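A.B. asks: I would like the atomic coordinates for the input below:
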Amino acid sequence: MKKFSKIAALALAAVSAISLCACGSSSSTGSSAEGTSGLKAGFICLHDENSTYDLNFINAAKAACDKLGVECVIKTNIPEGQEAYDTAVDLADAGCDFVFADSFGHEDFIIEAAKEYPDIQFAHATGTKAHTENLSNFHNAFSEIYNGRYLAGIAAGMKLNEMIENGQITADQAKMGYVGAFTYAEVISGYTSFYLGAKSVCPTVTMEVTFTGSWYDETAEKTGAQTLIDDGCVLISQHADSMGAPTACETAGVPDVSYNGSTASACPNTFIVSSRINWEPYFEYCLNSIAAGEAIATDWCGTLADGSVVLTDFGAAAAEGTVDAVEAAKAKLISGELHVFDTATFTVGGAKLDSYMADVDSDADYTPDHEAIVDGYFNESGDGLRSAPFFDLQIDGITLLDTAF
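C.D. replies: Purely as a prediction, here's the structure:
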């Protein structure tokens with residue numbers, strides 16, 4: 001599995017900005033868990049509120065800390081370099097009991113800080129090393145967001161069907177576009193699950209994917225979306241963090257499925273739905289565990305059932321019947337009746353997949369080390385494996401326009 005730095009040009013040049021929030025104020029809603037009111041939590045973000053990715057973490061951190069009466073310190077625009085270590089140390093020295101970082105490239109620096117502060121709990125999103133580092137105070141977390149992407153894909157497929165039925169396109173013109181940041185497993189897992197969700201209701205769908213080489217580059221994301229639209233894509237989705245792609249869709253009148261939050265207010269005519277990871281349950285879990293003196297899971301993976309994988313409200317562009325179709329699939333995903341990466345639903349190079357060795361215990365050479373096909377499906381982020389995605393297959397029906405990133 002290829003991994004690339006999540007650092008954007010903006011973050012490279014940015015100076016760390018510190019935001020303090022009085023999360024334990026008397027106006028807080030919800031009840032504090034016993035023992036958490038004396039805790040202090042620090043959060044390290046790659047960008048700031050202008051990034052939909054970071055804003056999602058910031059909102060969850062504030063909500064969880066407010067609910068539990070925990071003092072909350074949020075540091076934004078922290079690059080994936082020595083600054084991440086320095087920030088983690090600053091938070092530890094400032095009395096934080098829990099330090100969390102939100103970007104893949106922060107991981108090595110957070111691990112370094114965790115080794116120096118064994119009495120403080122450190123956690124990291126999207127990382128891959130907690131289960132091999134074996135530190136009692138360093139943890140990775142992610143969610144089964146591929147389930148959310150799949151459900152959003154169903155919403156996209158329903159829209160394509162509506163466009164076909166209305167004569168706007170023919171069945172063989174049901175081509176979606178997807179703006180991705182980098183060509184590694186987290187993005188591949190996301191766009192593949194989105195495609196498979198669409199295909200489950202619109203069997204003629206195909207998809208093109210373009211990449212920007214940055215997690216946050218509004219110009220590149222807008223240009224990428226426009227390139228896809230010009231190439232005949234009639235619906236767009238994304239795994240990148242700005243409003244670039246949704247804005248291009250609204251201007252062109254092309255339906256859009258966003259990520260990490262609703263774009264309904266800015267794109268009222270084209271927004272269908274958005275999937276996102278809700279980090280609030282994880283933050284509450286960690287803080288409650290610290291208060292109770294209980295161990296935090298080495299790799300934690302949130303689910304649809306626990307509220308960690310969510311969809312926004314549907315926008316005006318959603319097709320009739322979408323809510324029912326999504327809810328029916330959601331129930332099957334939760335029950336285990338349906339698996340997103342069921343090998344009966346896709347092929348690779350024209351062949352059904354019976355076995356696949358995935359790179360779960362990541363190393364410098366990305367050596368495959370675990371059988372990923374279990375009971376007829378790719379066991380993404382499965383029990384006993386790491387929480388971060390490792391699905392990196394290129395399935396039929398999806399065309400990559402570039403792989404430079």
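
A.B. asks: Please, where are all the helices along this protein?
C.D. replies: 9-13, 52-68, 82-93, 107-116, 130-133, 145-165, 185-199, 218-230, 244-252, 280-292, 322-335 (DSSP state H).

A.B. asks: would you put the C-alpha positions of the last one in CSV?
C.D. replies: Extracted C-alpha coordinates of helix 322-335, given in CSV (Å, rounded to 0.1, in the frame of the first residue of the first chain):
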residue,chain,number,x,y,z
THR,A,322,-33.2,7.4,-2.3
VAL,A,323,-33.9,7.5,1.5
ASP,A,324,-35.7,4.1,1.4
ALA,A,325,-32.9,2.5,-0.7
VAL,A,326,-30.2,3.8,1.6
GLU,A,327,-32.0,2.8,4.8
ALA,A,328,-32.6,-0.8,3.5
ALA,A,329,-28.9,-1.2,2.6
LYS,A,330,-27.8,0.3,5.9
ALA,A,331,-29.8,-2.3,7.9
LYS,A,332,-28.2,-5.1,5.9
LEU,A,333,-24.7,-3.6,6.4
ILE,A,334,-25.3,-3.4,10.2
SER,A,335,-26.7,-7.0,10.4
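
A.B. asks: Next, the buried residues of it.
C.D. replies: Neighbour counts using 16 or more other CB atoms under 10 Å place T322, V323, A325, V326, A329, K330, L333 of helix 322-335 among the buried residues. For the C-beta atoms, the positions are set from N, CA and C on the backbone; glycine is no exception.

A.B. asks: Could you give the average pLDDT over stretch 86-101?
C.D. replies: Averaged across stretch 86-101, the pLDDT comes to 98.

A.B. asks: Work out the gap between that stretch and the centre of the chain.
C.D. replies: Relative to its chain's centre, stretch 86-101 lies at 24 Å (CA atoms, centre = their mean, to the nearest Å).

A.B. asks: for stretch 325-338, same thing?
C.D. replies: Here the centre of stretch 325-338 is set off from its chain's centre by 20 Å, with CA atoms, centre = their mean.

A.B. asks: burial measure for I145, as a count.
C.D. replies: 29 (other CB atoms under 10 Å).

A.B. asks: And it, how far from G38?
C.D. replies: 33 Å (CB to CB, to the nearest Å).

A.B. asks: Phi and psi next, for the residue nearest to N56 when sequence neighbours are not counted.
C.D. replies: Counting by CB to CB, 6 or more residues apart in numbering, N260 is the residue found nearest to N56 once chain neighbours are left out, at 4.7 Å. Dihedral pair for N260: phi 70, psi 10, per degrees, to the nearest 10.
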